[in-house]
Structure formats: C-alpha cells, structure tokens
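K.L.:
A structural model of the following input is requested.
(one chain, ligands or ions: 1)
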Amino acid sequence: MSLLVKICGLSTPETLETALEAGVDMVGFVFFPPSPRHLSLELGRDLGRQVKRRALKVALTVDADNATLDNIMDSLSPDIFQLHGGESVARLRDIKQRFGRPVMKAVPVATAADLAVLPGYAAVADRILFDARAPKDATRPGGLGAPFDWHLLEKLDLKLPYMVSGGLHADNLTEALRITRASGVDVSSGVESVPGVKDPEMIKAFVRAARASKDASQELSVR
Ligand SMILES: O=C(O)c1ccccc1NCC(=O)[C@H](O)[C@H](O)COP(=O)(O)O
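P.N.:
Down below sits the predicted model:
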C-alpha cells in the first residue's frame, strides 16, 4: 500500500495548490484560534472548495464543541476530523455518530506509558496519529516541530492504520518510517519558513522524500 502523505496547517490558496499539485493525499486545516495556522470559517470554505476532491480534507480541532464542529461541517465539509485535544473515547463515538465522518485521533507521545490509551481509542477511531507530546506550558498541543522517540513505536502491534508526525522534515522522514512502520506521515512545521508560513519548495521536497521513502526503507530492511 502506498504511503499516505498529509500536509497540515495549510492557510493560503498558493501553498494549498502546491501541496495538491505535489500529489499529497490529505490536506489539513487548523481550526484552533491560538494557532498561527488557524483559519476563519470563510477561509476554510474557500480553501475547501479549491481542493476539488484532489485530496482528502482534514479538519483539525482541539476539544471543539458541537456548535464549532457544525460550523466547520458547513464551511469546509471535511472528509475526516483530526481530534487533537483530550477527547475521550465516548466523545469520539459521539462525533462519529453525529457528523458521519471518520475520525483520526492524535495521541501525544513522550513515554511508553502514553500508549496505554490505544486499546480504548482503537475501538472507535478510524486512524491514529502519533505526535510528540507538547510541553505543559505550550500554547497548542501540536504543530510545534518537535519529534518524539520513534523507538517507542518499534514494537507496536496496532490493528488500526496509523500515521506519524511531530518534527518531521524531508531529511528525517525515511528514518521515522523505518522505525515506526507507519502507513503515513504528517508535517506542518517542517515545511514552513516560520511558524504559520508554508514554503512551497519545502512542501515539494517533503512530498518527494516521502514518495522515495518507501523504496529506501525496503532497501534498508533487506540489507
Ligand atoms: O498546527 C497547529 O498549530 C496545531 C494546533 C493545535 C493542535 C495541533 C496542531 N498541529 C498539528 C499538526 O500540524 C500535525 O498534526 C503534527 O502535530 C505535526 O506538527 P509539526 O511537528 O509542526 O510538523
């Protein structure tokens, strides 16, 4: 199966177009006001229309209430909700039922103990996104450009598809994939010149590296 590539935190028509033309599978839109990548509902509507089914639209929210999710459904009409807060298993079930969309649960990782939540989420989520656990005083729970120890996932036996994120860039994603055996990669900071400003050349380089990585990791595993 081919690797899923997601670029998160897109916020301009130009960089969205770069990502789509580069052939990404998922484009992520952040609806979280403290984030430098936060979108208004109006901009979400415009960017969503621009996608025209060339990739899956992912709405990233953090402990959002139903009214907020309703508004996002109305403007972006996402294909997937990425839940990046402390949403419980029951809340995941509720969101899936209420909005009829698959959910990808972000699981923050710093130590092996963080993986204890997986059986609960795996029973309801459609996909897991492993991300670095943000420091306690961070202004947001992700999109900080920090990696976690990928070896924590080395022996993971998860029946659900999972993606890896956190501090990825064109030069380290092959190693992250080799260790974690994830079926997808997700990046935000690693394709930005400064937080919130995507760089077209970095987007292209990331997608190129991701597409080449499958071959590279297979080569490494037969050595
Ligand atoms: O991007 C944000 O500002 C953000 C805000 C709140 C929760 C999550 C957020 N971003 C998550 C992502 O962009 C990715 O899913 C992932 O964390 C990768 O981020 P990065 O380390 O910046 O590549």
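K.L.:
Next, work out how far apart the residue of the chain found nearest the ligand and residue 206 are.
P.N.:
For the chain, the nearest residue to the ligand under the criterion C-beta to the nearest ligand atom is residue 143, separated by 2.2 Å. Where you see a C-beta, it was placed from the backbone N, CA and C, and this is true even at glycine. The gap separating residue 143 from residue 206 is 15 Å, by C-beta to C-beta, to the nearest Å.
K.L.:
So the spatially most central residue of the chain, which state does it fall into?
P.N.:
Centroid check for the chain by C-alpha atoms, centre = their mean gives residue 186 as the closest residue, at 4.6 Å. Following DSSP: H, G, I helix; E, B strand; the rest coil, the label given to residue 186 is strand.
K.L.:
swap in residue 73?
P.N.:
Taking three-state DSSP as the rule, one finds residue 73 in the helix state.
K.L.:
Number the chain from 49, please
P.N.:
Got it, first residue is 49 now, which makes that one residue 121.
K.L.:
can you tell me which residues contact it?
P.N.:
The neighbourhood of residue 121, defined by C-beta atoms under 8 Å, 6 or more residues apart in numbering, consists of 147, 149.
K.L.:
which stretches of the chain have low pLDDT?
P.N.:
49, 262-271 (pLDDT under 70).
K.L.:
Which residue, other than its chain neighbours, is closest to residue 133?
P.N.:
Nearest residue to residue 133, sequence neighbours excluded (C-beta to C-beta, 6 or more residues apart in numbering): residue 111, at 3.5 Å.
K.L.:
in this protein, which spans are helices?
P.N.:
Taking DSSP state H as the test, the helices found in the chain are 61-70, 89-99, 114-123, 137-147, 166-170, 221-228, 248-270.
K.L.:
Those helices into a markdown table, with extra columns for distance to the ligand?
P.N.:
Formatted as a markdown table, these follow (distance: least, C-beta to the nearest ligand atom, whole Å):
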| stretch | distance to the ligand |
| --- | --- |
| helix 61-70 | 13 |
| helix 89-99 | 14 |
| helix 114-123 | 14 |
| helix 137-147 | 16 |
| helix 166-170 | 16 |
| helix 221-228 | 10 |
| helix 248-270 | 10 |
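K.L.:
Reformat these as JSON lines; add distance to residue 185.
P.N.:
Output for these, formatted as JSON lines (distance: least, C-beta to C-beta, whole Å):
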{"stretch": "helix 61-70", "distance to residue 185": "29"}
{"stretch": "helix 89-99", "distance to residue 185": "29"}
{"stretch": "helix 114-123", "distance to residue 185": "25"}
{"stretch": "helix 137-147", "distance to residue 185": "25"}
{"stretch": "helix 166-170", "distance to residue 185": "26"}
{"stretch": "helix 221-228", "distance to residue 185": "26"}
{"stretch": "helix 248-270", "distance to residue 185": "28"}
